[in-house]
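Asker: after the sequence you'll find the predicted model.
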Amino acid sequence: MTLKITAIETLQSPLYGNIVWVLVHTSSGHTGLGETFRGADAVVAHLHSGLAPSLIGRDPLEIESLSTEMLDPYVGYRSSSAEIRAASAIDIALHDLMGKYRKCPVYDLIGGLFRKQIRTYNTCAGTNYNRSGTRKVVHANAVRAQAETFDDQDAVARDPAALARSLLDQGITAMKIWPFDEFASRSSGGFISASELEIGCEPLRLIRAAVGNEMDLMLEMHGLWNLPAALRIAQSVRPFNLLWAEDPLKAVNPQALATFAQRAGVPVCASETLATSSAYLELLQCGAVDYVMIDLSWCGGLTEAKRICSLASAFQRPVTTHDCTGPVVFAAGIHLALSTRNVALQESVRAYYNGWYQDILTVVPIPQDGHFAVPGGIGLGTELRREFLARPDLIRRVTTAPG
């Protein structure tokens, strides 16, 4: 009997307003788990009205064919739109489903293991960062009487040297912070003063003074700046030997980012906000990026991510997999990282994998000595917890075949 998709189910929780979970149900009883992030209501609408009618009745093992169709909508085909984010969630779920059906892990489906572990870096966010519609900004003069467990964003403002030592004690030797973000809103990213540069550099200075070069440092800039301001920040941080500056500009003009890369004096990482391999090709062709950042739930899923990794490899660029989103994308990113030669780092947030990720998934990867090991199990190796599925406030919607 031919395997068929019988239903598309979405789940949303008021606790995690940015995230959509997707379940792809099949005639065999196997179910695939996917996820995407941001614009949750728009994504859900497209999943049920735009994708489900064409997916139901199809063979879920024909991932390449289904991915091609989903990533070729009439609108939303270039940016990380609701259409592409919906397609990304389905693609991740199809890989999970195929792994379960064939009784093998996802990494075996996308090339097999290239390595047995992948190095991680800690994005210094707190437990509640990015779970709803906005990012939390902690100001440099913030005072906290007591730190929330693993609220590393507050720790950057309170005692960045102690934060760096804490991470090193766990074997984590790379960290990413965003000490300049608070100044962007004052000028809409158009200008940063000498005094603001001094304040923004202080956490970097304290970390280097405390731990030297034992810690690799990344600067997140969130695409908040115009070119002259971004270059001024880059000039101020050169003494701190950064691994990269990430998204100094919005990823809308590859040539502007290439100008930054040529003049900044620091390596450039971009951009989790992009979708489809063609967008990354433009960055690579004009020399705008040193490290290629991929978010599996925005770029088109695992299928498109493999294409992007191949492109980056042709340009001799390393890839890093994004995680400041949700636990399913986190798990999928580790499978991609372990099976792909030029993935150099897996992003992680210890406030997440030690915290709310465990409220959602049955198995959450935890790093050992700063690395994630090969996950066990089949498919992605994890499921939504029964307790999470039983929440009374969970919003569930299912589309099945007509009649």
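Answerer: Thanks, I have the structure now.

Asker: and residue 182, how far is that from residue 199?
Answerer: For residue 182, the distance to residue 199 (C-beta to C-beta, to the nearest Å) stands at 9 Å. From N, CA and C alone the C-beta is placed, and that goes for glycine too.

Asker: next structured bit after the helix or strand encompassing residue 167?
Answerer: In the assignment (DSSP states H and E), residue 167 maps to helix 160-169. The helix or strand immediately downstream of helix 160-169 is strand 174-177, counting by DSSP H and E.

Asker: I'd like the next helix or strand past that following strand.
Answerer: Downstream of strand 174-177, the next assigned helix or strand under DSSP H and E is helix 181-187.

Asker: model confidence over that following helix, on average?
Answerer: Mean pLDDT, helix 181-187: 94.

Asker: please point out which parts of that helix sit buried.
Answerer: For helix 181-187, a neighbour-count test (16 or more other C-beta atoms under 10 Å) marks 181-184 as buried.

Asker: how about the strands in the protein?
Answerer: Counting by DSSP state E, the chain has strands at residues 5-12, 19-26, 31-37, 117-123, 174-177, 216-220, 244-246, 268-270, 291-294, 319-321, 343-348, 371-373, 395-400.

Asker: now render the ones you listed as a markdown table, adding mean neighbour count.
Answerer: A markdown table is the format used below for the strands of the chain (neighbours: other C-beta atoms under 10 Å):
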| stretch | mean neighbour count |
| --- | --- |
| strand 5-12 | 21 |
| strand 19-26 | 24 |
| strand 31-37 | 27 |
| strand 117-123 | 24 |
| strand 174-177 | 23 |
| strand 216-220 | 22 |
| strand 244-246 | 24 |
| strand 268-270 | 26 |
| strand 291-294 | 24 |
| strand 319-321 | 27 |
| strand 343-348 | 23 |
| strand 371-373 | 18 |
| strand 395-400 | 14 |
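
Asker: which of these sits closest to residue 83?
Answerer: For the strands of the chain, distance to residue 83 was read as C-beta to C-beta. The smallest value, 11.0 Å, belongs to strand 31-37.

Asker: distance-wise, check residue 30 relative to residue 386.
Answerer: Per C-beta to C-beta, residue 30 is found 18 Å from residue 386.

Asker: compare those two and say which is more crowded by neighbours.
Answerer: Between residue 30 and residue 386, counted using other C-beta atoms under 10 Å, residue 30 has the larger neighbour count: 18 against 8.

Asker: and residue 208, what does it touch?
Answerer: 217, 240-241 (C-beta atoms under 8 Å, 6 or more residues apart in numbering).

Asker: what about stretch 194-207, average pLDDT?
Answerer: 98.

Asker: could you list the buried residues of that stretch?
Answerer: Neighbour-count burial for stretch 194-207, with 16+ other C-beta under 10 Å as criterion, is recorded at 196-197, 199-201, 203-204, 206-207.

Asker: out of the strands of the chain, which is closest to residue 358?
Answerer: Per C-beta to C-beta, nearest to residue 358 of these: strand 343-348, 13.5 Å.

Asker: ok, the closest one: who's next to it in the sheet?
Answerer: strand 117-123 (parallel), strand 319-321 (parallel) (DSSP bridges).

Asker: tell me how far that strand lies from the chain's centre.
Answerer: The chain centroid and the centroid of strand 343-348 are separated by 10 Å under C-alpha atoms, centre = their mean, to the nearest Å.
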